[in-house]
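output the structure for:
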Amino acid sequence: MASVKVAARVRPLFPREIEQGATYIVNVNESTVALTNHKLSESDGDKNRERTRYFVYDYAYWSVDRNSPGYASQELIFQDLGTEVLDAAFEGYNACVFAYGQTGSGKSYTMMGKQMELGLIPRICEGLCSRVDDFLEEGITYKIEVSYLEIYNERVRDLLQAHNNQTYTLKVREHPLEGPYVQDLSWHSVADLAAVQMLIDKGNANRTTAATRMHETSSRSHAIFTLNFTQAKLEDNLPSEIVSKINLVDLAGCEKADPNYSRGRLREGASINKSLVTLGNVISALGETEWLAEYSLSNSVSLESFSSLGGSDEDSSPRSLSGRKKTTYIPYRNSVLTWLLKDSLGGNSKTIMVATISPSSHYYSESLSTLRYAKRAKHIVNKPIVNEDSNVTLIRELRAEIDKLKVMLERANMRGSQSSLAGDGSIFEMLHKNEEKVELLTSAWVDKWTEAAAIMQECNVGIRRSNVGVIVESELPHLIGMDDDLLSTGIILYHLKEGETRIGREDASKPQDIVLRGPALEEEHCRIINNGGLVTLYPCANSMCAVNGNDVASPTQLAQGAVILLGKTNMFRFNHPAQAAKLRERRNAGEIIRRSSVISRLQSSLFT
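The predicted structure follows:
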């Protein structure tokens, strides 16, 4: 059991708010946040409407004045919250951090940050990669996979895929054991911080933002950046594999509807408010359930005693006692956001909520609402468990059974009776079968990790899932085999290293880098030279080489997509990732130019 940890953060006043005469109504003292209603005088406050309300959380941050000694910087917040996420991940627990608050209150700044003031997401990624580098020498193998999605108008879009009309059609499913997931969401395997940062930048560039009354680049969608972190090691011939799922969530901010907005903007705001209201309802329902479980005695609690526990805030007042005796319904599926965060709220995760508020007197009601939800979230109790691979669990259970059988066999031999000796055979047989199972499972597990990791590291290859397929990515120029053998089921990829790559037969006088077989193939058939990204094919004397259907006998420069035939049957496609990236940019630029010219022609035809 682990309660949701809650932190509150106060941002500084905006220059626009200062010009409008806003004053500070929030104060922070250690872990307590005080919110004052300046519309009430000190004499107007009564039992049901206090002038100053106090909220106690696990952490409270005053990020207003950089020169003040109590200023909470991005680094301090990471040391308090981010390190807890990293500790949970390395222990094998799921973890989640999400920022909650009105638009313009500092959620994106807290989660993503700015160029020189990085937020929790890039700092957690940096800390994860840094710890992995520190522990590499301890014989532990690590794997990090990344996904990045946004929820816009209650539809899910993959931020790491190209834009098209089908990008908002991803569906949310629920696995009976692993919980909710997004079908066809792409996962990208990363090896270092640079690769992670590139994916973060790509996703942020694709995210939906717009100007609002409070913020010029307000996030108009909920974004979930997920890290799947796997650790594997072999100790005393016993494998260990644990997986941690880290959800880092940047929520869109709620804002009052403006009648001057377009229909699309009004629908956008309504979708945001719907999901945030559902999130608030889930928090309230979970907090209410856990509160009753904690304070009820013998499954019944009086209305008076419950009120005495809740204090004087409106959010603490209970409903009717008869209603509370019923099982509380948790409306996870009322919103895509809460459905995806089901495990993070009341499930298998260690969760941290950051409530961001404005200190402005103009937003008293919004700040009060945020602080109330944060207070309720403190009562949510999650049930995190260490996520271990099922095969590893089976191996450990078989090992325990083997130890028991060995003890039984020793006791039978010590007694030495005929009946016990007769039973030795069956015990020995069970012991032998279990040992074979353990050896087979352990060997398969070791091969899965060592061989795949060695190949990917040696060849500089990345693998990611996309829809129902797997995409193999390489940064180096390479040849892809185009085999016409119907019985061939593998994919052949040859990297073209910097310098010279020799291609020929196995019986050549000099060792060949790429060994081929087939008719009309010479012992030393050709050479391919990669000189700073410029790749050239050099046919050897009397060898049959063709590029794009044309026979070549002299040096020929290779371009992206070229089809190469060596001999009569060995056909390859040449891929050059750097050239392909440039060609994609030119193609996109050409499409923009063509679209603009079509629009201009249509406009001219309409107004002539």
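
let me know the secondary structure of Met198.
Secondary structure assignment for Met198 (DSSP: H, G, I helix; E, B strand; the rest coil): helix.

what do you get for the one 5 residues further on?
Judged by three-state DSSP, the three-state class of Gly203 is helix.

do the same with Gln161
coil.

pLDDT value on the nearest residue to it once chain neighbours are set aside, please?
In this structure, Gln161 finds its nearest non-sequential neighbour in Ser186, 5.7 Å apart by C-beta to C-beta, 6 or more residues apart in numbering. Bear in mind the C-beta positions are built from the backbone N, C-alpha and C, glycine included. In the predicted model, Ser186 carries a pLDDT score of 86.

need the phi and psi values for Ser186.
Here is the backbone geometry of Ser186 (degrees, to the nearest 10): phi -80, psi 140.

from Val156, how far out is it?
Applying C-beta to C-beta, to the nearest Å, the value for Ser186 to Val156 is 12 Å.

higher neighbour count, these two?
Applying other C-beta atoms under 10 Å to Ser186 and Val156 shows that Val156 carries more neighbours, namely 24 against 20.

phi, psi for the nearest residue to that one once chain neighbours are set aside please.
Leaving aside its sequence neighbours, Val156 sits nearest to Leu170 (C-beta to C-beta, 6+ apart; 4.2 Å). Leu170 adopts backbone torsions of phi -70, psi 140, taken as degrees, to the nearest 10.

who are the contact partners of Leu170?
By C-beta atoms under 8 Å, 6 or more residues apart in numbering, the contact set of Leu170 is 149, 155-158, 182-185.

confidence-wise, which of the residues you listed comes last?
Lowest confidence among these: Asp184, with 82.

what score does Asn413 have for pLDDT?
Confidence at Asn413, expressed as pLDDT, is 64.

going forward, count from 669.
Renumbered: residue one is now 669, and that last one reads Asn1081.

coming back round to it: pick the one among the contacts of Leu838 closest to Leu1233.
Distance to Leu1233, by C-beta to C-beta, is smallest for Asp852 among the contacts of Leu838, at 36.3 Å.

who touches the strand or helix carrying Ser776?
With secondary structure defined by DSSP states H and E, Ser776 is part of helix 775-779. Residues outside helix 775-779 that contact it (C-beta under 8 Å, 6+ apart): 677, 679, 742, 745, 765, 767-769, 785, 787-789, 887, 916-919, 921, 1022, 1024.

what do you get if the cut-off is 6 Å, keeping everything else the same?
Helix 775-779 has contacts (C-beta atoms under 6 Å, 6 or more residues apart in numbering) with 767, 769, 787-789, 887, 918-919, 1022, 1024.

these: which two are farthest apart?
Gly769 and Ile789 (16.5 Å).

low-confidence ranges in the stretch 769-918 of the chain?
804-807, 830-836, 877-887, 902-907 (pLDDT under 70).

try 90 this time
769-776, 781-785, 798-812, 818-863, 866, 870-890, 898-911, 918 (pLDDT under 90).

any chance you could map the strands in it?
In the stretch 769-918 of the chain, the segments counted as strands under DSSP state E, counting those that start in this stretch are 808-820, 823-826, 840-843, 847-850, 855-858, 877-878, 886-887, 890-903, 906-918.

ok, Glu1056 touching Ser908?
No. If you go by C-beta atoms under 6 Å, Glu1056 and Ser908 don't touch, sitting 7.8 Å apart.

looking at the protein, which helix or strand is least sure?
One helix or strand of the chain scores below all others by mean pLDDT, DSSP states H and E: helix 971-978, with a mean of 42.

next one: phi and psi at Gly1217?
Dihedral pair for Gly1217: phi 90, psi 0, per degrees, to the nearest 10.
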